[in-house]
Every structure is written in C-alpha cells, then in structure tokens.
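A.B. asks: Sharing a model that was predicted from the sequence below.
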Amino acid sequence: MAQLKEGSKAPDFELQDQNGKTHKLSDYKGKKIILYFYPKDDTPGCTIEACNFRDDSALYKKKGAIILGISVDDIKSHKKFVDKYKLPFILLSDSEKKIVNSYSVWKEKSFMGRKYMGTSRETFIIDEKGKLVKHFNDVSVKDHSKEILLLL
C-alpha cells in the first residue's frame, strides 16, 4: 500500500479501546489527534514511549490534542498495559491488522537476522479537519513526545 502523504485525509477507523469501547477517528473531528502506532504492549521501547506520553499528557491536553495509541495487541493486553503504567489515554486494538495496513505501518522488520512482519513505530498528527499534517516514520522513543509537543 502507498505511503500516506501529509495533507491527505487520514483513513478513518473503528476500533475498540482497552475497555471494549468503540472509537472512530471521525468521532474526534474538531480535535487534534496524536495517532501513534507501536509494536507491542509492555516491551522496553513501547513502555518508554507510552510513559513519556503519559508524563506529558497535561501539556497535550493544554494544547487541545488527544493521544490515541494503536497496536495489534488484544484488548486484554492493552488493559494490563494501561493499568500497570497508569496511562491516561486510549489504546486501540487492531488485532485484525486493518488499520496498520491502511496507514502502511505493517511492514517487514528484522531482528537478529530474522525477518518478520510487524508494526512499525510511527506517529501521525491529524488536524481538526481529519487531515494528516505530520508523519513521523523514524521515531526515537526517548525524545518523541517532546518532539511532537514542539509542533503543536
């Protein structure tokens, strides 16, 4: 699938959060969205990234932005991750891999010489009208949240 371009309309989705509640991107029209895709709940890099978003959540709220995280983990895994690290934002389960594919973040990856398919760590900033205004496809978990805040 072709890479999404900044300025294009963000693909809508309908996914369940860690509590089983359904969310659609279109439900957030009029809000700035930080849509971040991450490989796996409760792994070192993903935990650092999520905790940095957590620690900066008041600054996002002040700037009128909503954080939504997506991985292919199931709802139960998301619930444990949210509870363990007291994450104050929504994690959405894309266990059918429809949204990771529509955002072109389901990619071939490599670890210790082994190739496999997985979710690439990428973030999209979506404006109040549902347009993609920024795409981060080379995310450094340590500084990523601060990097986004500078653009809002």
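C.D. replies: Alright, I've got the coordinates. Numbering: from 1, shown residues only.

A.B. asks: low-scoring stretches of the protein, by residue?
C.D. replies: Flagging of the chain using pLDDT under 70 yields the residue ranges 1-3.

A.B. asks: residue ranges of the helices in it, please?
C.D. replies: 44-55, 57-62, 75-85, 98-102, 144-151 (DSSP state H).

A.B. asks: surely H78 meets Y38?
C.D. replies: No. Look at H78 against Y38 with C-beta atoms under 8 Å: they stay out of range, at 11.0 Å. Yep, even glycine has a C-beta here, placed from its N, CA and C like the rest.

A.B. asks: Find the residues that touch each one of the two.
C.D. replies: Both H78 and Y38 are contacted by S71, under the criterion C-beta atoms under 8 Å, 6 or more residues apart in numbering.

A.B. asks: still on that earlier bit, out of the helices of the chain, which is closest to L25?
C.D. replies: helix 98-102 (9.2 Å; C-beta to C-beta).

A.B. asks: got a list of what D55 touches?
C.D. replies: S145 are the contacts of D55 under C-beta under 8 Å, 6+ apart.

A.B. asks: and stretch 55-71, which residues are buried?
C.D. replies: By 16 or more other C-beta atoms under 10 Å, the buried positions in stretch 55-71 come out as D56, S57, Y60, A65, I66, I67, L68, G69, I70, S71.

A.B. asks: all strands for the protein, in order.
C.D. replies: Using DSSP state E, the strands found in the chain span residues 14-17, 22-24, 32-37, 65-71, 90-93, 106-111, 114-119, 122-126, 132-136.

A.B. asks: of the buried residues of stretch 55-71, closest to Y103?
C.D. replies: I70 (8.2 Å).

A.B. asks: residues contacting the closest one?
C.D. replies: The contact partners of I70, taken as C-beta under 8 Å, 6+ apart, are L15, L35, Y36, F37, Y38, L91, L92, S93, D94, I99, V100.
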